[in-house]
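*Asks:* Pasting the sequence and the predicted coordinates here, then a few questions.
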Amino acid sequence: MTDPRPADVPWLTPYLTVHDARVATGFYEQALGFVVRDSVNDDGAIIHVEMTYRGQLILMFAPEGAYGSQARTPKTSGLMAPQSFYLYVDDVDATFARALAVGAKPLIEPQDQFWGDRFAQFEDPDGYRWAIARHLG
């Protein structure tokens, strides 16, 4: 059987709805170190973005209303997102500080956890919850 995926695409890719694709792109670049892999524009407006993290993870998103979608961000809808994201980073404290500096809301300050990770959690500007961690050994 042949692999059904395009080259360099993981088996699972989160696809988010964001309020403003330019703002979300800047946040994920500055706070977490994601890199834009591709973006699609329609009359100057970004309608789709693909970002990578260390060449392994792809995060995709589109702004509210793109492609006729009725999807809304957690912040716009006033609801807590039912999912969250757990991302390993080199330095939890520095990443947490960068995220707060570019608009994240702190949820759990960096601290060592019983399961062996240094861990923190924040909410991004669209209302998605991100846990960041580094395994301590």
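*Replies:* Now that the structure is in, tell me what you want to look at. It should be emphasised that the depicted structure is a prediction, and the values quoted were computed from it without experimental measurement. Numbers count the residues shown, from 1 in each chain.
*Asks:* any idea how far Arg37 is from Leu57?
*Replies:* As defined by C-beta to C-beta, to the nearest Å, Arg37 lies at a distance of 11 Å from Leu57. In short, each C-beta sits where N, CA and C put it, glycine included.
*Asks:* Over to Gln70?
*Replies:* 27 Å.
*Asks:* between the two, who's got more neighbours?
*Replies:* Each of Gln70 and Leu57 has its neighbours counted (other C-beta atoms under 10 Å); Leu57 has more, 16 against 7.
*Asks:* right, and that one touches Pro10 too?
*Replies:* Yes: using C-beta atoms under 8 Å, Leu57 and Pro10 qualify as a contacting pair, with a distance of 6.5 Å.
*Asks:* Between Arg37 and Leu57, which contacts overlap?
*Replies:* Common contacts of Arg37 and Leu57 (C-beta atoms under 8 Å, 6 or more residues apart in numbering): none found.
*Asks:* For the chain, which segments count as helices?
*Replies:* Here the chain has its helices, by DSSP state H, at 21-27, 74-77, 92-101.
*Asks:* closest to Phe114 out of those?
*Replies:* Each of the helices of the chain was checked against Phe114 via C-beta to C-beta, and the shortest separation belongs to helix 92-101, namely 15.6 Å.
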